[in-house]
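Undergrad: Need the 3D shape of this:
(2 chains)
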Amino acid sequence: KNQVEQSPQSLIILEGKNCTLQCNYTVSPFSNLRWYKQDTGRGPVSLTIMTFSENTKSNGRYTATLDADTKQSSLHITASQLSDSASYICVVSASFGDKLIFGTGTRLQVFP
Amino acid sequence: EPEVTQTPSHQVTQMGQEVILRCVPISNHLYFYWYRQILGQKVEFLVSFYNNEISEKSEIFDDQFSVERPDGSNFTLKIRSTKLEDSAMYFCASSERRTDANSPLHFGNGTRLTVT
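TA: I've put the predicted structure just below:
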């Protein structure tokens, strides 16, 4: 069954610190992996998209990595800001399909 | 930056009633989607729509649901005979290409549907 699992479920860090969020997936055949940021009560906003041939992709302070062999991805946030407080969702697309498979997300809280 | 807009932001309806959720996708996008998120749960795919027909749908999207692109700008989700378990946030999304073509999917801010 196609699934996306994330850890930790929630995370609290201090402003200015770095953090790394994890994602494991069992989606096959794999097409691409995305990281989305979702503020409470809002729609998800795309951060990165990676295909199987890409190992890393950055978007400002966000850096995503992908290991297609182990089916793992991570999202690293550098120098966190209060506005980074949100849910971060790992999302995978299978080949020959037109739907996204969402993980349950990591709830990040950044405190001053 | 162009965005997907959804109306209303919040809809309350009684069990058994019909509701229509409305969306205006980004103007040059060709692929349209509905997803839903039950409170505290993950976002789930409902349906994808291209060239005026459904291209893929989930097992959730049964005969109770229908989608339509009535004109060149709107994309609607109709839920007939609503049930309590239909209460959720419904997200519309649009894209230039299919999701397996590595195209970014742009989401609206959702309609929160509450069935009483």
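Undergrad: Flag every residue of chain A that's near chain B.
TA: Those residues of chain A that sit near chain B, judged by CB under 8 Å from any CB of the partner chain, are A:31-32, A:34, A:41-46, A:49, A:51, A:89, A:93-105. Every residue, glycine included, has its C-beta placed from N, CA and C.
Undergrad: please redo it, this time with the cut-off set to 10 Å
TA: A:4, A:6, A:29-32, A:34, A:36, A:38-39, A:41-46, A:48-51, A:54, A:89, A:91-105 (CB under 10 Å from any CB of the partner chain).
Undergrad: Tell me, how many residues neighbour the one residue in chain A that gets nearest to chain B?
TA: Proximity of chain A to chain B (CB to the nearest CB) peaks at residue A:43, 3.4 Å away. Neighbour count for residue A:43, taken as other CB atoms under 10 Å in any protein chain shown: 22.
Undergrad: Shouldn't it be within a strand?
TA: No - if the criterion is DSSP: H, G, I helix; E, B strand; the rest coil, then residue A:43 is coil and not within a strand.
Undergrad: ok, it - contacts?
TA: When contacts are counted by CB atoms under 10 Å, 6 or more residues apart in numbering or on different chains, residue A:43 touches A:36, B:3-4, B:6, B:35, B:37, B:43, B:89, B:91-93, B:106-110.
Undergrad: Got phi/psi on it?
TA: phi -80, psi 160 (degrees, to the nearest 10).
Undergrad: And it, how far from residue B:72?
TA: 23 Å (CB to CB, to the nearest Å).
Undergrad: And for residue A:63?
TA: Distance from residue A:63 to residue B:72, by CB to CB: 39 Å.
Undergrad: Give me the buried positions along the strand or helix carrying residue A:66.
TA: In the assignment (DSSP states H and E), residue A:66 maps to strand A:62-67. Neighbour counts over strand A:62-67 (16 or more other CB atoms under 10 Å in any protein chain shown) mark A:62-66 as buried.
Undergrad: pLDDT score assigned to residue B:37?
TA: Per-residue pLDDT puts residue B:37 at 95.
Undergrad: List the contacts of it.
TA: Counting by CB under 10 Å, 6+ apart, residue B:37 has contacts A:38, A:43-44, A:102, B:43-44, B:88-91, B:110, B:112.
Undergrad: redo that, cut-off 6 Å
TA: Applying CB atoms under 6 Å, 6 or more residues apart in numbering or on different chains to residue B:37 gives the contacts B:43, B:88-89.
Undergrad: next one: residue A:89
TA: Residue A:89 neighbours (CB under 6 Å, 6+ apart): A:36, A:38, A:102-103, A:105.
Undergrad: pLDDT score assigned to it?
TA: pLDDT, read off for residue A:89, is 98.
Undergrad: The strand or helix carrying it: partners in the sheet, and parallel or antiparallel?
TA: Using DSSP H and E, residue A:89 falls within strand A:86-94. Strand A:86-94 pairs in its sheet with strand A:30-38 (antiparallel), strand A:100-102 (antiparallel), strand A:106-111 (antiparallel), by DSSP bridges.
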